[in-house]
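Student: after the sequence you'll find the predicted model.
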Amino acid sequence: MSESKQLTPEQFLAATSLPCEQVEVPQLGGYLYVQGLSGTERDAFEATLTRRRGGKRNLENVRARLLVRCLVDRPGGARLFGDSLVEVQRVGRIRVDVLQRLFDVAQRLSGLSDEDLDELGPPSETAPAG
């Protein structure tokens, strides 16, 4: 067992570097950078999955909603898309094999498992507008 030391509050709070991977997208002949979420960003993403009434999950366009938060122009760089519904819908129109490839990486880098999504409540019977 390796020896480890207790971190200081400053060392703990310095852990702001987010994991990022260059992901080849052979279907489109190039690559994109996918970056994991911070704690605050993950909470904001999860909030988009829960409807205000009844606590039911809204999984409509979930791949696109995660990807607009995780696609960046370079490691540690600027996001390619905003959080607006228009941006989410634009990303959601991409072919599903490309979305799934990128979503899987974003999910892993953000520490977001399928079980985490299940814990947010039962799925809604009908997806809410917007």
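Tutor: Cool, the structure landed.

Student: measure residue 5 to residue 39 for me?
Tutor: Distance, residue 5 to residue 39, using Cβ to Cβ, to the nearest Å: 23 Å. Yep, even glycine has a C-beta here, placed from its N, CA and C like the rest.

Student: neighbour count winner among the two?
Tutor: More crowded of residue 5 and residue 39, by other Cβ atoms under 10 Å: residue 39, with 9 against 6.

Student: ok, now which ones touch the closest residue to residue 82 other than its chain neighbours?
Tutor: Nearest-residue entry for residue 82: residue 68, 6.8 Å, with adjacent residues in sequence omitted and distances by Cβ to Cβ, 6 or more residues apart in numbering. With contact set as Cβ atoms under 8 Å, 6 or more residues apart in numbering, residue 68 has these partners: 79-83, 87-88, 91.

Student: make it 10 Å
Tutor: Contacts of residue 68 were listed using Cβ atoms under 10 Å, 6 or more residues apart in numbering, and they are 45, 61, 79-84, 87-92, 106.

Student: again with residue 79
Tutor: By Cβ under 10 Å, 6+ apart, the residues touching residue 79 are 35, 41, 68-73, 87.

Student: write the PyMOL selection for whichever of those are buried.
Tutor: One line in PyMOL is enough to select the buried ones among the contacts of residue 79; burial here means 16 or more other Cβ atoms under 10 Å:
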select buried, resi 35+41+68+69+70+71+72+87
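
Student: and the contacts of residue 79, which of them are in strands?
Tutor: Per DSSP state E, strands hold the following members of the contacts of residue 79: 35, 71-72.

Student: for those, which one is nearest residue 57?
Tutor: Nearest to residue 57 among the ones in strands among the contacts of residue 79 is residue 71, at 22.9 Å by Cβ to Cβ.

Student: is the closest one in contact with residue 98, as I believe?
Tutor: No: checked against Cβ atoms under 10 Å, the pair residue 71 and residue 98 is beyond contact range at 11.5 Å.

Student: between these two, which contacts overlap?
Tutor: Counting by Cβ under 10 Å, 6+ apart, the common neighbours of residue 71 and residue 98 are 23, 32.
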